[in-house]
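S.K.: using only what follows, build the 3D model:
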Amino acid sequence: MKSQKISPQKYKEILKGLELESIYLKSCKCNINREKFSPNLNFSIKDSASFNIEENGNIEIFHKYILHGRKPREKQIIISIECTYCLIFSSEGNFSEEFFEIFKELNLAINSWPFFREFIHTITSKMNVPPLTLPLLKRFV
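M.R.: Numbering: from 1, shown residues only. All right, here's what the predicted structure looks like:
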């Protein structure tokens, strides 16, 4: 069964009543092959998200990012960094799967991407390689 879309007006109403209460790093995993690391790696970043409504009505959103770095035209992953952030929201509206499907595409990364960028920069410097600076988040460009 295909989920029903909500109207832009209903989305705006729910978004207006949504407040970010906290964000924290839930988990992370890092791996690097320092001997093969170079500044000329090709990087790919994927993300995924899920949510859970707690008994108290707060919404936990889990936003996972996976960064992989490979040498051009090679399959071997030279650096891999995975992070999952938990964002806790309160909501005055009816937070639903239909709302979340739009929210994760339009708004979620606005809140979590700066944390991921900072983590990547910090953790790569601690890996004793030149710190990576991730690009500016640009939606719909």
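
S.K.: quick one: end-to-end distance for stretch 13-22.
M.R.: One end of stretch 13-22 sits 21 Å from the other (C-alpha to C-alpha, to the nearest Å).

S.K.: how about that stretch: buried residues?
M.R.: Within stretch 13-22, the residues scored as buried using 16 or more other C-beta atoms under 10 Å are Ile14, Leu18. Where you see a C-beta, it was placed from the backbone N, CA and C, and this is true even at glycine.

S.K.: show residues contacting it.
M.R.: 6, 58, 87-95, 99, 103, 107, 111 (C-beta atoms under 8 Å, 6 or more residues apart in numbering).

S.K.: and stretch 107-121, average pLDDT?
M.R.: Mean pLDDT, computed over stretch 107-121, is 96.

S.K.: how far out from the middle of the chain is it?
M.R.: Here stretch 107-121 is found 6 Å from its chain centre; the criterion is C-alpha atoms, centre = their mean, to the nearest Å.

S.K.: go on, stretch 13-29?
M.R.: 11 Å.

S.K.: same check on stretch 90-100?
M.R.: 19 Å.

S.K.: which strands or helices does the longest helix belonging to the chain pack on?
M.R.: Within the chain, and with DSSP state H defining each element, the longest helix by residue count is helix 108-126. In terms of contacts (3 or more C-beta pairs under 8 Å, 6 or more residues apart in numbering; DSSP states H and E), helix 108-126 is packed against strand 18-32, strand 59-70, strand 77-91.
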